[in-house]
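A.B. asks: Build the 3D model from these lines:
(2 chains)
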Amino acid sequence: MPKPTWLKLLLVSLIPILVALLAACEDEEQSAATATPTTTPQATLTPASLTFMAGFKPQANLPFVGAYVAQEKGFFQEQGLTVDIKHSRTSGEEFRFLVAGEVQITTADAAVVLERRSGDPPVPVVAVALIGQSGQQGFAVLADSGIQTPKDWEGKTAGYKGSKPTPDYLAILDAEGVDRSKIQEVRVGYEPQVLTEKKVDVLAVFISNEPDTLARLGYPVRTFEPADYGVPTLGLTYVTSESYLQEHPDIVQRFLKAALKGIYYAKDNPEEAIDIVLKFAPEEDREHQKFMFETELAAALVGPAQQNGIGWMTADQWQALYDKLQRYQALSGPLADLSAAYSDQALQNIYRDGQLQWP
Amino acid sequence: MTEVPLHEPWEPLALAPPRWNGALRAVASYVLPPAVALAIGLIFWEVWTRARDISILLVPPPSRVIDRFLDRPGFFLGEGMTTLYEALLGLALGAAVAIAAAVLMAHSRLAERALFPLAILVKVTPVVAVAPLLVIWFGFGLWPKVCVAALISFFPFLVNSITGFRSVSPGAMEFVQSLRASPLDVFLKLRAPSALPYLFAALKVSLPLSLIGAVVAEWFSGDKGLGLVIFTANYQLDTPTLFAAIAVLAVIGVSLNIGASLLERRVLFWHEAFREQG
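C.D. replies: Okay, here's the model as predicted:
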């Protein structure tokens, strides 16, 4: 790509300084390399510390619940881990911290993992467990709006989040033969009032969140879920960086084992799990958190997870998601190696016949 | 022995036409120092990111940012124009409302006591908190962005206008009143000219603020503008695009400020501050 001439001139004039700086840094790196022993995967439970950053505010998203419960019930401790749980405050922050090495494991939508890996610059992240076997996003209309099918969206206003309409939305339109040109699409924020105030007729929502919030506000909604129209979707994953997984596969595996144990514990003890969630999110409404937890738990117990255990994922699932994202141009470009975006090695190690091996 | 003249003229400069001479001096004294400082800063940034092998996902080297801008200059400038348009409309609205309120407050202490606390309320309300609500109230078009830019520009204009309208010298006021001038004449011929330096000060403070307001509003709605570019690039960890958008925003802000300063010099040529500078 072209670079401005003045910049080149200035850089050239500073080559001696640059060379000196590089030499100094090389020296520093060499001495650091000599001083630090090579890290190898540990067979025993040697104590380790890591930071887990939940990809949003404290609430009952299932991967968050797994970590909260694992922390409170001592599952991380049993795995020899000291885990610092943090929460992302702005979109994308968790990936930035992951790349910077400040955070070792976070959560992200499976589609986002592929989008980031295909980005320019690409973000080297790897999904290590798929908690949501179906996507988080759906589309809500007011129950009394008269909108019964996606075909009824024609002539209406549809609100989307983010920078453009999602592949899920476009795939539903395709599946149902909806004429997109007859829909007015507007970018909206995260306030569901745009639906209740009838600024939009169709609103992109998180299935485990806004429908319940709106119903509690006195506005029952009807939701359209992509999976009902044959659209392949995947939900939240646990994510780490390529380098951390390469250097510390054992720690990732121990984290995953404890967090999944936390999810199973929450499944068997939902009221206690919600109590634990509320310790992390004291301002949240208990019933709403319960709705979120139950919705996401239901989505975690279907598909390959039924047979193989929560978090299980297959190459076919990722391929179907990738194909959809490619078809609707959600990726910056094709991925050279789709299989590098996820790793089920830890899952293979911690499950036997669909049973989580503990400890 | 050669005779050396006591006052050796410096021929090259003496030959240059006086206007060019002045222009060159102005360039040397106003443009060169910041340009050199910026160049040094950019070079240091480039060398630092490369020497330390800083991930581009965290801090991109300036060369990558420039490359990204040069890849799609039309895109960045187009988005910048959208943001500029929203910001200037908001600035105009905020300034108009503030000046109208200031006229009222400058004439009536009661009005000031009643309205100024409300103005402070507007000032301390974080625009990030109200921007999403403005979308719900005004829809997805231009108005929410204009309103946020207006809200953020309002207070500097209000405070400076009130001070300006009251900054009339008592002697001048007595003189005009001795001529039995009407209140409108007093305002137009005395108060308004006295307030102009304050209004320009407010303009220079509010111009960049209005840009910030437009950008913040674009985070919450709309499908164009540098705010959306920044929002999306930040989410996607596309730091070269993020920094390119910020750079375009900075260039727009600096250009606006330079424009305001030039306009100020033209309009306030009679003011002592500019008379002294020539």
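A.B. asks: Is B:Phe76 in contact with B:Ile246, as I believe?
C.D. replies: No. Under the contact definition of C-beta atoms under 8 Å, B:Phe76 does not touch B:Ile246, with a separation of 10.6 Å. Any C-beta I mention is one placed from the backbone N, CA and C, and that applies to glycine too.
A.B. asks: out of the two, which sits in the more crowded spot?
C.D. replies: Under the neighbour definition other C-beta atoms under 10 Å in any protein chain shown, B:Phe76 and B:Ile246 were set side by side, and B:Phe76 has more, 22 against 16.
A.B. asks: So which residue is dead centre in the chain?
C.D. replies: Picking chain A for this. Taking C-alpha atoms, centre = their mean, the centroid of chain A lies closest to A:Ala108, which sits 1.3 Å from it.
A.B. asks: Chain B is the one I meant
C.D. replies: Note: chain B centre (C-alpha atoms, centre = their mean) maps to B:Leu207, 3.1 Å.
A.B. asks: contacting residues around it?
C.D. replies: For B:Leu207, the set of contacting residues under the criterion of C-beta atoms under 8 Å, 6 or more residues apart in numbering or on different chains consists of B:87, B:91, B:253, B:256-257, B:260.
A.B. asks: Is the residue nearest to the centre of chain A in a helix, a strand, or coil?
C.D. replies: The assignment at A:Ala108 comes out as strand when based on DSSP: H, G, I helix; E, B strand; the rest coil.
A.B. asks: same deal with A:Met313?
C.D. replies: Put simply, A:Met313 is coil when judged by three-state DSSP.
A.B. asks: Remind me which helix or strand the residue nearest to the centre of chain B belongs to.
C.D. replies: With the criterion set as DSSP states H and E, the secondary-structure element containing B:Leu207 is helix B:192-220.
A.B. asks: In contact with the residue in the stretch 201-350 of chain A that chain B sits nearest to, which residues?
C.D. replies: Of the stretch 201-350 of chain A, the residue with the smallest distance to chain B, taken as C-beta to the nearest C-beta, is A:Ser332 at 8.4 Å. The neighbourhood of A:Ser332, defined by C-beta under 8 Å, 6+ apart, consists of A:115, A:118-120.
A.B. asks: Let's see that with 7 Å instead.
C.D. replies: For A:Ser332, the residues meeting the contact criterion (C-beta atoms under 7 Å, 6 or more residues apart in numbering or on different chains) are A:118-120.
A.B. asks: got the residues of the stretch 51-200 of chain B near chain A?
C.D. replies: B:51-52, B:55-58, B:63, B:66-67, B:70-71, B:132, B:135-136, B:139-140 (C-beta under 7 Å from any C-beta of the partner chain).
A.B. asks: Take those residues and keep only those in helices.
C.D. replies: Using DSSP state H, B:51, B:63, B:66-67, B:70-71, B:132, B:135-136 are the members of those that sit in helices.
A.B. asks: B:Thr49 touches B:Val59, doesn't it?
C.D. replies: Yes. The pair B:Thr49 and B:Val59 passes the contact test of C-beta atoms under 7 Å, sitting 5.6 Å apart.
A.B. asks: In space, what's closest to the residue of the stretch 201-350 of chain A closest to chain B - neighbours in sequence excluded?
C.D. replies: With sequence-adjacent residues excluded and distances taken as C-beta to C-beta, 6 or more residues apart in numbering or on different chains, A:Ser332 is closest to A:Ser118, at 4.8 Å.
A.B. asks: Surely the one you found and A:Ala336 touch.
C.D. replies: No. Shown here, A:Ser118 and A:Ala336 do not form a contact pair, counting by C-beta under 7 Å, at 9.5 Å.
A.B. asks: So for the two, which sits in the more crowded spot?
C.D. replies: Comparing A:Ser118 with A:Ala336 by other C-beta under 10 Å, the one with more neighbours is A:Ser118, at 21 against 9.
A.B. asks: Just list the residues touching that one, thanks.
C.D. replies: For A:Ser118, the contact set (C-beta under 7 Å, 6+ apart) comprises A:331-333, A:335.
A.B. asks: Please apply the same query to A:Tyr322.
C.D. replies: So, once contact is read as C-beta under 7 Å, 6+ apart, A:Tyr322 ends up touching A:114, A:335, A:338.
A.B. asks: which of the residues you listed has the most neighbours?
C.D. replies: By neighbour count, taken as other C-beta under 10 Å, the most surrounded of the contacts of A:Tyr322 turns out to be A:Leu114 (25 neighbours).
A.B. asks: and the gap between it and A:Ala340?
C.D. replies: Applying C-beta to C-beta, to the nearest Å, the value for A:Leu114 to A:Ala340 is 11 Å.
A.B. asks: So which of the contacts of A:Ser118 belong to helices?
C.D. replies: Within these, membership in helices is found for no residue, as judged by DSSP H.
A.B. asks: Widest-spaced pair of those?
C.D. replies: The widest separation within those, taken as C-beta to C-beta, falls between A:Ser332 and A:Leu335 and amounts to 9.8 Å.
A.B. asks: quick one: low-confidence parts of chain B?
C.D. replies: Residues of chain B meeting the criterion pLDDT under 70: B:1-20, B:273, B:275-278.
A.B. asks: just checking, what's the longest helix in it?
C.D. replies: Of all segments of type helix in chain B, defined using DSSP H, the longest is helix B:73-107.
A.B. asks: Return the set of buried residues in that one.
C.D. replies: Of the residues in helix B:73-107, those with enough neighbours to count as buried (16 or more other C-beta atoms under 10 Å in any protein chain shown) are B:76, B:79-80, B:82-91, B:93-95, B:97-99, B:101-103, B:105-106.
A.B. asks: In contact with residue 106, which residues?
C.D. replies: All of this is about chain A. A:Thr106 makes contact with A:53, A:55, A:94, A:98, A:239 under the criterion C-beta under 7 Å, 6+ apart.
A.B. asks: let's do chain B instead
C.D. replies: Taking C-beta under 7 Å, 6+ apart as the definition, contacts of B:Ala106 comprise B:162, B:165-166.
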